[in-house]
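Chemist: next one to model:
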Amino acid sequence: MNIPPHRGMAGRAMPGHATASGAWAQSGNAAFRALTALSVALIMLGAMLVGAATAQADHIPKTPPLTTPWTSQVSRTDPLPEYPRPQLTRPDWQSLNGQWQFAATEAITSPPVGQNLAETVLVPYPIESALSGIMRHENNMWYRRTFTVPAAWSGKRIQLNFGAVTWRANVWVNGVDVGTHSGGYDAFSFDITDALHSGDNEIIVGVYSPVDAAGNPIGKQRLNPSGIFYTASSGIWQTVWLEPTTPAHITRLDTTPDVPARALDVVAHVGGGNAQNVHAEVIAGGKVVGSADGSPGSHLRIPVPNAHLWSPDDPYLYDLRVSLTGTGGGDVVGGYVGMRSIGKAVVGGVLRPVINGKFVFQMGTLDQGYWPDGIYTAPTDDALKFDLQQEKALGFNMVRKHIKVEPARWFYWADKLGLMVWQDMPAMRTGTDPSSADRANFESELHRVVDQLKGITSIVQWIPFNEGWGEYDSARIADLVKSWDPSRLVDNNSGSNCCGTDGGNGDVVDDHIYVGPGQTHLPTSSRVAVLGEYGGLGLRVSGHEWSPGNGFSYEMEPDSATLTQRYVAITGQLRDLITTRGLSASVYTEPTDVENEVNGFYTYDRRVQKMDFAQVLAVNNSVKTAAQGQYLPIGSLTSFKVTTPGYTDRSLSLSGGLGITAVVNTASSEAARRDATFWVRSGLADPSCVSLESRGAPGQFLRHFGYRARRDANDGSSQFAQDATFCVRSGLSGGGSSLESYNYRGRYLRHINSEVYISDDSGANAWDAPAGFAADATWSPTTPWWRSGADLPTGQAKSLQVVTPGYTDRYLRHKDGLGYTDVVNAAADAGLKGDATFIIRAGLADSSCYSFESRNYSGHYLRHQNFRIRKDPRDGSALFDQDATFCAQPGRYGSGDVTLASYNEIGHNIRHYAAQVWVASNGGPSPCDSPSSYDPDVTWHLAAPWTP
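Modeler: The predicted model follows:
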């Protein structure tokens, strides 16, 4: 990309000092010079009326609670000197970053023209940051500095550009009001040519930043930060710069790749002048590969033959060159673009997000973009890039930019490094219904953010609302965003399962589950399923805390080893959710600690790695591999659905002893569902592959014999082991999984005319027909039709005995509506014996699982609520039935009969802990999740009933 180098101090006058330059006076006509002279006179008169100007203080950086490796690298004269807008570049520019005069004020209506201000602020760091030198909040404030215009820009129009200012900015140049802008997250520009004169020029910016005292979008900024809300970032927080342009000049480039058409659509937005033509070129390696001409504001279609596609694994970027011709034309800008497509498609029988037509599991972090020294503003460009580099190095391929909009250079690094981006809209304040004015402003700012970022290659999804914060009309807003940008996915409310409203539309159903991953929503026919937040595992690191001793998280760990183990454990569960719940993306909270949140892979100062990064990378890669169909969870129950269009209601079955496909659903018979369910075992011939044991006929395996798939008992022979071993491959049709024969390589388990064979596409046999082979040999592993791996006697009364050594005289019982364990024996009273007896019923939510009805309270069932086991009367709700359903699995300890897995809290089993009974995970946020003694505590002996 042809991005201009930084201009540093070229042509710059520091506050309170003049740099002589008479060249600018040569560029105007007599009328302009007369106006300039009048302006100078007015400024001098204003200064005389005010009296002697006060002296300006030197800039003195404040000490932040934590420093980063880049804090000391920040220049006090030329901070963030890089060209700020890589997506639309010009060769000539002048940075105005650096030391500006500063003062608090009561209002921003009467600028202090010609007056020195008492303090100095380092632009572009927000005033609450230590790097700014102010390190406090002000609702209203003045910025002031002087500058000169390079002589070489004579005859040009001069644009004054702001990357972002929070929240309202009023701007004067030489006492002339040149414009006002409201909105803390979008860039803006003013043509200041007519306000300029030779020599020194003065710029004054008045800023109003009420933060959460008003209803504008603020993200997580708060005047009184605490918990998950952070320090405010007021004032100028992105680069300020000057650019010379022709009268007609390009203000924005919208780029939309059309990969199927092998073309790039470009819209060049133009301001000023009367340019008549736009000429746009796509360039690779210095060579023009396609071009097009059209009028300003129109859609230009540039052919890009044999496009080198952008993806996270290969983030290839083309250069752009766009020029204007005609009256007032001559403007030429550079830029870049990645050719890629974004969409949704049924892949392996499941609706998935696709990039370039392929499903890629989007594995990201909740990147909030805060810094202990610069708050909203990274101290240097290397720091800005660092977080993205580390996320990429850990195996993530996506970043959710959480309720903040970053500077243009952040998106440049995401594009260049190959990280997909989910872009949140910064939320309005929480806990109040936004007014009609606030709503109108929100939609205006949202529209501007979408427009500004349309040309960013890495953005694949828009998120207008998060967890209902400031939410209103979520369905309408989602449709509105989709109308502005139909090329990307839209998520109407991230975290709608926990908070806010699910409008039911958009492209995504998005759960937040802490610590998770839990049981996510299934995809629908129109919406892909994602886990928009999970994790939040925490560790305090002494010497690297924002407020020592006050760090918090969703689950605190004692040390790095435990933190790593827990991350690997919960993230590894995503592999199962990909197949059993159709999960397509996940977002872990979070890449770094943020203020008192200590959930990061890094401490807030980016100095300490809190986990074993090699283990993090390994488990992350295993999740992405699983999404490519190369994983089946050993020791789990799985069913295999057909992916061939027109037959997706069918599943692999061993009914009658032969491999077939059959229509199976929740209304099917018990035998049909068992025959279509398999235990995934380590391969009998090769543990790197798998063998599939029939759930309906324990000890019998799916094997091939004479090419036909069938069910036979394991006879212990080497031949049987080979015939019953299959290696899991990525689905031949582009999604799901294919099962390659271990001893007939190149042959895959395939259905044809409802029969199942090991086949290839050679045509040698009827079952080797090439037509439809790839789809027929691709299967979608999914939630088992029969979810229990152990059988319990329905209709019978039983008691559940503890098997943990030292506690085997105790039984599960209810008392005062809660689950406990208690000593029960023949001498116990009748009430206690009744409390410890339950009638086993077919699962209220799923008949392949079980529910436990109280023996002495008919119609009352064991269920979990807030993870505690309790006894409640059935209320007829779907939630109750799910909470009261448990899937029986073989006991995890000794000769214990059974482990009872929660139907709707994945990874949680009924466990006794300190005499109380919970649904608990093996390691988690609660004491009952302790890994110590977990396996015996979740294993129960199915004993004779104390009350028959």
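Chemist: how many neighbours does the closest residue to S132 other than its chain neighbours have?
Modeler: Leaving aside its sequence neighbours, S132 sits nearest to Y125 (CB to CB, 6 or more residues apart in numbering; 4.1 Å). Every residue, glycine included, has its C-beta placed from N, CA and C. By other CB atoms under 10 Å, the residues close to Y125 number 32.
Chemist: could we number from 394 for the rest of this?
Modeler: OK, 394 is where the count begins now, so the last one is Y518.
Chemist: distance of the residue nearest the centre of the chain relative to N1249?
Modeler: Nearest to the mean C-alpha position of the chain, counting by CA atoms, centre = their mean, stands R793 at 3.0 Å. Per CB to CB, to the nearest Å, R793 is found 50 Å from N1249.
Chemist: repeat for E595
Modeler: Applying CB to CB, the value for E595 to N1249 is 86 Å.
Chemist: the more surrounded of the two?
Modeler: Comparing E595 with N1249 by other CB under 10 Å, the one with more neighbours is E595, at 24 against 16.
Chemist: summarise which helices and strands the helix or strand hosting that one is packed against.
Modeler: Per DSSP states H and E, E595 falls inside strand 594-601. Where contact means 3 or more CB pairs under 8 Å, 6 or more residues apart in numbering; DSSP states H and E, strand 594-601 is packed against strand 533-540, strand 558-559, strand 561-566, strand 628-629.
Chemist: how does it look with 6 Å?
Modeler: Here strand 594-601 touches strand 533-540, strand 561-566, going by 3 or more CB pairs under 6 Å, 6 or more residues apart in numbering; DSSP states H and E.
Chemist: reformat these as CSV; add mean neighbour count.
Modeler: Listed next are the helices and strands packed on strand 594-601 as CSV, based on neighbours: other CB atoms under 10 Å:
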stretch, mean neighbour count
strand 533-540, 22
strand 561-566, 22
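Chemist: so for G628, which of these sits nearest?
Modeler: strand 533-540 (6.0 Å; CB to CB).
Chemist: quick one: name whatever helix or strand follows the closest one.
Modeler: Strand 533-540 is succeeded, C-terminally, by strand 550-555 (DSSP H and E).
Chemist: how about that following strand: buried residues?
Modeler: Neighbour counts over strand 550-555 (16 or more other CB atoms under 10 Å) mark R550, I551, Q552, L553, N554, F555 as buried.
Chemist: need those in a markdown table (columns: pLDDT).
Modeler: Formatted as a markdown table, those follow (pLDDT from 0 to 100):
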| residue | pLDDT |
| --- | --- |
| R550 | 96 |
| I551 | 98 |
| Q552 | 98 |
| L553 | 98 |
| N554 | 98 |
| F555 | 98 |
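Chemist: ok, so of these, who is nearest P504?
Modeler: L553 (14.9 Å).
Chemist: who's in contact with that closest one?
Modeler: Going by CB atoms under 6 Å, 6 or more residues apart in numbering, L553 touches F583, I585.
Chemist: again, only using 7 Å
Modeler: S582, F583, I585, L635 (CB atoms under 7 Å, 6 or more residues apart in numbering).
Chemist: what of L932?
Modeler: Taking CB under 7 Å, 6+ apart, one finds E950, S953, L956, V991, K1003 in contact with L932.
Chemist: and stretch 775-788, what's buried?
Modeler: Here stretch 775-788 shows A776, L777, K778, F779, D780, L781, Q783, E784, K785, L787, G788 as buried, counting by 16+ other CB under 10 Å.
Chemist: would you list every one of the helices in the stretch 944-1093 of the chain?
Modeler: 953-965, 967-973, 1006-1020, 1063-1068 (DSSP state H, counting those that start in this stretch).
Chemist: ah, wrong one, I meant the chain
Modeler: For the chain, the helices defined by DSSP state H cover 423-443, 774-786, 801-810, 829-846, 867-877, 953-965, 967-973, 1006-1020, 1063-1068, 1111-1116, 1166-1169, 1223-1228, 1271-1276, 1327-1330.
Chemist: can you add mean pLDDT and give these back as TSV?
Modeler: Listed next are these as TSV, based on pLDDT from 0 to 100:
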stretch	mean pLDDT
helix 423-443	35
helix 774-786	98
helix 801-810	98
helix 829-846	98
helix 867-877	97
helix 953-965	96
helix 967-973	91
helix 1006-1020	96
helix 1063-1068	97
helix 1111-1116	98
helix 1166-1169	96
helix 1223-1228	97
helix 1271-1276	96
helix 1327-1330	96
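Chemist: so which of those is nearest P477?
Modeler: Short answer: helix 801-810, nearest of the helices of the chain by CB to CB, at 6.1 Å.
Chemist: gap between A1167 and D1154?
Modeler: For A1167, the distance to D1154 - CB to CB - is 8 Å.
Chemist: same check, this time on D1228
Modeler: D1228 is 63 Å from D1154, by CB to CB.
Chemist: which of those two has more neighbours?
Modeler: D1228 (26 against 19).
Chemist: surely that one meets K1208?
Modeler: Yes - using CB atoms under 7 Å, D1228 is in contact with K1208, at 6.3 Å.
Chemist: low-confidence regions, the stretch 644-793 of the chain specifically.
Modeler: For the stretch 644-793 of the chain, the stretches flagged by pLDDT under 70 are 720-721.
Chemist: before we move on, the earlier item: if any of the contacts of L932 are buried, put those into a PyMOL selection.
Modeler: To isolate the buried members of these in PyMOL, using 16+ other CB under 10 Å:
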select buried, resi 950+956+991+1003
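Chemist: save the contacts of L932 as a markdown table, and put in distance to T1031 too.
Modeler: Shown next, in a markdown table, are the contacts of L932 (distance: CB to CB, whole Å):
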| residue | distance to T1031 |
| --- | --- |
| E950 | 32 |
| S953 | 34 |
| L956 | 31 |
| V991 | 37 |
| K1003 | 35 |
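Chemist: ok, so of the contacts of L932, who is nearest Q1275?
Modeler: For those, the nearest to Q1275 is E950 (30.0 Å; CB to CB).
Chemist: ok, the nearest residue to that closest one once chain neighbours are set aside to V987 distance?
Modeler: Once flanking residues are discounted, E950 sits nearest to L956: 4.1 Å by CB to CB, 6+ apart. Applying CB to CB, the value for L956 to V987 is 17 Å.
Chemist: quick one: contacts for W493?
Modeler: Counted by CB under 7 Å, 6+ apart, W493 has contacts P408, V514, V516, Y536, R537, R538.
Chemist: do you know the pLDDT at G1129?
Modeler: pLDDT for G1129: 89.
Chemist: for the residue nearest to Q782 when sequence neighbours are not counted, grab the count of nearby residues.
Modeler: The shortest distance from Q782 to any non-neighbouring residue, by CB to CB, 6+ apart, is to L810 (6.5 Å). Burial of L810 is recorded as 17 neighbouring residues (other CB under 10 Å).
Chemist: how about the contacts made by L810?
Modeler: Taking CB under 7 Å, 6+ apart as the test, what L810 contacts is P708, L781, Q782, K785.
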